[in-house]
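Asks: Curious how this folds, go ahead:
(2 chains)
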Amino acid sequence: MNAQAMWLNPWISGFSFAESVPQWLLTACGLVLIYCLVIVPSGAVMGYLERKLSADFQARVGPNRAGPAGVLQPVADLLKLLQKQASRDWNWREAIWLLVHTMALYSTVAVIPLGSLLLLVDTDMSAFLPFWSALVLALGTMFLGLSQGSVPGWFGGIRVAAQALAGAFPALIALLCAGIRAGGFRWSEIAAAQSSSPLLWTAAANPFQFIAFFVFVISGLVLLGIPPMDAAFSAPDIHGGVSSHLSGRKLTVFRLGRFYGFLLWSVIAVVLFLGGWELPFGLSTELRNADSPRLLQIFELCWLLSKTFLLVLVVTWIAKVNPRSRVDQVTDFAWRVLSPFSLVALIGASLVAGWGAL
Amino acid sequence: MGGVVTGGPAMMRGSVFSTILGYLRDVLWGIRSVWGSCLTAIPYLFGSGELSKEVTEQYPDPISSKIADDLPPRSRGFLVNDIERCTGCKECERQCPVQCICVEAEPATDDTKIWVSVFDIDFSKCVFCGICAEVCQPASLKHTKNFEGAVYELPELVASFGRGWVTPEQRLKWAKLRQQIEDDRVIL
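Replies: Have a look, this model is predicted:
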């Protein structure tokens, strides 16, 4: 039984068919389950929180019609977008790029770390795999924009490419900092180097790791085009960029992809720098000793996701009270501020690690 | 974060240390600006924010307003015309792609001289392409480095450099003057 399907064991071991079904089927089912039970609901929750939070900051009410306090608004949005009529001008290039980049993007579901027992792919290079998703998202979005044959698409696509190139370098260097402290890029190693106490998180280990954490989060915003670094998708000047030509189901797929990118990035940031999934008060060890893997999976997942949502809320908070940065300022900022600071953090982190090894 | 990106020519000046210090000061300014706006927003999150208070930063904020020295050497700001040198040849009016220049010239003291009575540039139409300054033979029309020209009424954007129409009295006075000069020459 391989790693992807292993997490299903506590749930299906009671059924007799568990041994007879082929591995690839179990793996596929596991990934689909994670996608449906974790990622899509997280996208809905993030969307709702973002809308409510921005409404509060702007002294509005926000969504309040669908369900109590508007909690069903994401569902209503989804249903509305799904029943929209498709636009008449069918563009096969656009359709293909949307399909290809969405498939490549969700292939990274296999590498998300969601808990010590929900660790799907745990290799020596695991921590680099989210970059695959971010770059695939940027590449796909760029080609999507270029294939639309419209001015907003062109500009959106080019801006996406510029931001992705500018954000990737500092993000990678910041990742190296976390890896240097943990002694490897395996999810389990990175998690083992930290603990539930905030004082033992990587971000709090030394000032350089703190800088690295900041650089990692901000360069993620640049790389993925998340507000306030979303000049590639700005409404006032380029009508939402690439998404200006998408509507209905295509827009749903596209938006969910961007949400997924941000969620993945935040999960990674929490795992790398903010203590990961380790439950407080030694609960993780107790549950492991009590041999209750199902509870451990659920609790660790919830703990990790709540930390992630907190990080997302902080980013939303900053995004809602600051103006959207111009695209040349974003790339300039990434190259001239984030990159030098990430290098300083890398040098410092290496020195601290070397000092510890002496 | 606007402060961080104002570098360019200004960063070339001064020593390495002052450059690094200025860079760090910019970064600190950016962090403080973001942090300040985040703090400002907290009361609104809990519904206790003052709704009538202005909390946004006004336009010429502390460091983003550029001085002329920071602008590129060939940047094109508002146009200015030196009416003393202007010959009223109307080449700028002909070349202007948006027809924002209006020139009227009439004979001055005698028919060989030109009196530029109207020279209006409508900056609400001007695209600052610089063609007019390029074709100006006496080089009287030039770009300044001034670019801040927000006004409340559209007509305020029209800059007038002309000397004004020659009145009949003025023309009469010139004629008399010319006559007098002529007479003097005859006497001599």
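Asks: going forward, measure contacts between C-alpha atoms and count neighbours the same way
Replies: OK.
Asks: what residue ranges in chain A score low on pLDDT?
Replies: Within chain A, the ranges that satisfy pLDDT under 70 run A:1-5, A:14-19, A:88.
Asks: longest helix anywhere in it?
Replies: helix A:151-182 (DSSP state H).
Asks: Contact partners for B:Met99?
Replies: Quick fix: residue B:99 is Gln, not Met. By C-alpha atoms under 8 Å, 6 or more residues apart in numbering or on different chains, B:Gln99 lies in contact with B:Glu93, B:Lys125.
Asks: if we go to 6 Å?
Replies: Residues counted as contacts of B:Gln99 (C-alpha atoms under 6 Å, 6 or more residues apart in numbering or on different chains): none.
Asks: about what we covered before: quick one: list the elements packing against the longest helix of chain A.
Replies: Using 3 or more C-alpha pairs under 6 Å, 6 or more residues apart in numbering or on different chains; DSSP states H and E as the contact test, the elements touching helix A:151-182 are helix A:129-147, helix A:207-224, helix A:339-357.
Asks: Which elements pack onto the shortest one?
Replies: Meaning helix A:207-224. helix A:151-182, helix A:339-357.
Asks: what's the burial count for B:Gly22?
Replies: 15 (other C-alpha atoms under 10 Å in any protein chain shown).
Asks: OK, contacts around it?
Replies: Applying C-alpha under 6 Å, 6+ apart to B:Gly22 gives no contacts.
Asks: Helix or strand: which one has it?
Replies: Using DSSP states H and E, the element containing B:Gly22 is helix B:16-45.
Asks: Tell me the gap between that helix and the middle of its chain.
Replies: Counting by C-alpha atoms, centre = their mean, to the nearest Å, helix B:16-45 is centred 32 Å from the centre of its parent chain.
Asks: just stretch B:111-123 next, same as before
Replies: On C-alpha atoms, centre = their mean, the centre of stretch B:111-123 falls 19 Å from the chain's centre.
Asks: repeat for stretch A:239-251
Replies: On C-alpha atoms, centre = their mean, the centre of stretch A:239-251 falls 21 Å from the chain's centre.
Asks: what comes up buried for the helix holding B:Gly22?
Replies: B:19, B:23, B:26-27, B:29-30, B:33-34, B:37-38, B:40-42, B:44-45 (16 or more other C-alpha atoms under 10 Å in any protein chain shown).
Asks: what's the answer for stretch A:174-187, then?
Replies: Neighbour-count burial for stretch A:174-187 flags A:174-182, A:184-187 (criterion: 16+ other C-alpha under 10 Å).
Asks: and what of stretch A:313-328?
Replies: By neighbour count on 16+ other C-alpha under 10 Å, the buried set for stretch A:313-328 is A:313, A:315-322, A:324-327.
Asks: Quick one: residues in contact with that stretch.
Replies: With C-alpha under 6 Å, 6+ apart, stretch A:313-328 has contacts from A:Pro227, A:Pro228, A:Met229, A:Ala231, B:Ser37.
Asks: Dump it to PDB, keeping only the CA atoms.
Replies: What follows is stretch A:313-328, C-alpha atoms only, in PDB (Å, rounded to 0.1, in the frame of the first residue of the first chain):
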ATOM      1  CA  LEU A 313      -7.400  36.300   7.400                       C
ATOM      2  CA  VAL A 314      -4.300  38.300   8.200                       C
ATOM      3  CA  VAL A 315      -3.400  38.500   4.500                       C
ATOM      4  CA  THR A 316      -7.000  39.500   3.700                       C
ATOM      5  CA  TRP A 317      -6.800  42.100   6.500                       C
ATOM      6  CA  ILE A 318      -3.700  43.600   5.000                       C
ATOM      7  CA  ALA A 319      -5.100  43.400   1.400                       C
ATOM      8  CA  LYS A 320      -8.300  45.200   2.300                       C
ATOM      9  CA  VAL A 321      -6.800  48.200   3.900                       C
ATOM     10  CA  ASN A 322      -4.000  48.800   1.400                       C
ATOM     11  CA  PRO A 323      -4.400  49.800  -2.200                       C
ATOM     12  CA  ARG A 324      -3.600  47.400  -4.900                       C
ATOM     13  CA  SER A 325       0.100  47.800  -6.000                       C
ATOM     14  CA  ARG A 326       0.900  48.600  -9.600                       C
ATOM     15  CA  VAL A 327       2.400  45.700 -11.500                       C
ATOM     16  CA  ASP A 328       5.800  47.300 -12.100                       C
END
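Asks: re earlier: for the helices and strands packed on helix A:207-224, state which one has the densest average packing.
Replies: Comparing the helices and strands packed on helix A:207-224 by mean neighbour count (mean count of other C-alpha atoms under 10 Å in any protein chain shown), helix A:151-182 ranks first with a mean of 24.
Asks: Tell me what angle that one forms with helix A:129-147.
Replies: Comparing the axes of helix A:151-182 and helix A:129-147 via axes from the mean of the first three to the mean of the last three C-alpha atoms, to 10 degrees yields an angle of 170 degrees.
Asks: Make sure B:Gly47 is indeed in a strand.
Replies: No: using DSSP: H, G, I helix; E, B strand; the rest coil, the assignment for B:Gly47 is coil, not a strand.
Asks: residues contacting the most centrally placed residue in chain B?
Replies: With distances taken as C-alpha atoms, centre = their mean, B:Phe78 lies nearest the centre of chain B, 2.4 Å away. Listed by C-alpha under 6 Å, 6+ apart, the contact partners of B:Phe78 are B:His143, B:Thr144, B:Asn146.
Asks: nearest spatial neighbour of the first one, skipping sequence neighbours?
Replies: Read it as B:His143. With sequence-adjacent residues excluded and distances taken as C-alpha to C-alpha, 6 or more residues apart in numbering or on different chains, B:His143 is closest to B:Leu79, at 4.4 Å.
Asks: what's the spacing between that neighbour and A:Leu223?
Replies: Between B:Leu79 and A:Leu223 the computed distance is 41 Å (C-alpha to C-alpha, to the nearest Å).
Asks: So which of the two has more stuff around it?
Replies: Between B:Leu79 and A:Leu223, A:Leu223 has the larger neighbour count (other C-alpha under 10 Å), namely 33 against 20.
Asks: sorry, back to before: surely the residue nearest to B:His143 is in contact with B:Ser140?
Replies: No: contact between B:Leu79 and B:Ser140 fails when scored by C-alpha atoms under 6 Å: they sit 10.1 Å apart.
Asks: Look at residue 93 and tell me its secondary structure.
Replies: In the absence of a named chain, this looks at chain A. Of the three states, A:Arg93 takes helix under three-state DSSP.
Asks: try again with chain B
Replies: Secondary structure assignment for B:Glu93 (three-state DSSP): helix.
Asks: And B:Ile121, by the same measure?
Replies: Per three-state DSSP, B:Ile121 ends up strand.
Asks: Could you pull up the residues touching the residue nearest to it when sequence neighbours are not counted?
Replies: Computed as C-alpha to C-alpha, 6+ apart, the closest residue to B:Ile121 that is not its neighbour in sequence is B:Ile101, at 4.6 Å. Neighbouring residues of B:Ile101 by C-alpha under 6 Å, 6+ apart: B:Glu93, B:Asp120, B:Ile121.
Asks: Quickly find the element holding B:Tyr152.
Replies: Following DSSP H and E, there is no helix or strand that holds B:Tyr152.
Asks: which parts of chain B sit against chain A?
Replies: Residues of chain B lying near chain A by C-alpha under 6 Å from any C-alpha of the partner chain: B:Ser37, B:Tyr44, B:Leu45.
Asks: Hmm, the second one is touching A:Phe57, no?
Replies: When you say that, I think you mean B:Tyr44. Yes: applying C-alpha under 6 Å as the test, B:Tyr44 and A:Phe57 come out as touching, 5.3 Å apart.
Asks: For stretch B:151-167, give the mean pLDDT please.
Replies: The average of the pLDDT scores along stretch B:151-167 is 91.
Asks: what does stretch A:191-204 rub up against?
Replies: A:Ala182, A:Gln209, A:Phe210, A:Phe213, A:Phe273, A:Leu274, A:Gly275, A:Gly276, A:Glu278, A:Leu279, A:Pro280.
Asks: let's see 7 Å
Replies: A:178, A:182, A:209-210, A:213, A:271, A:273-276, A:278-280 (C-alpha atoms under 7 Å, 6 or more residues apart in numbering or on different chains).
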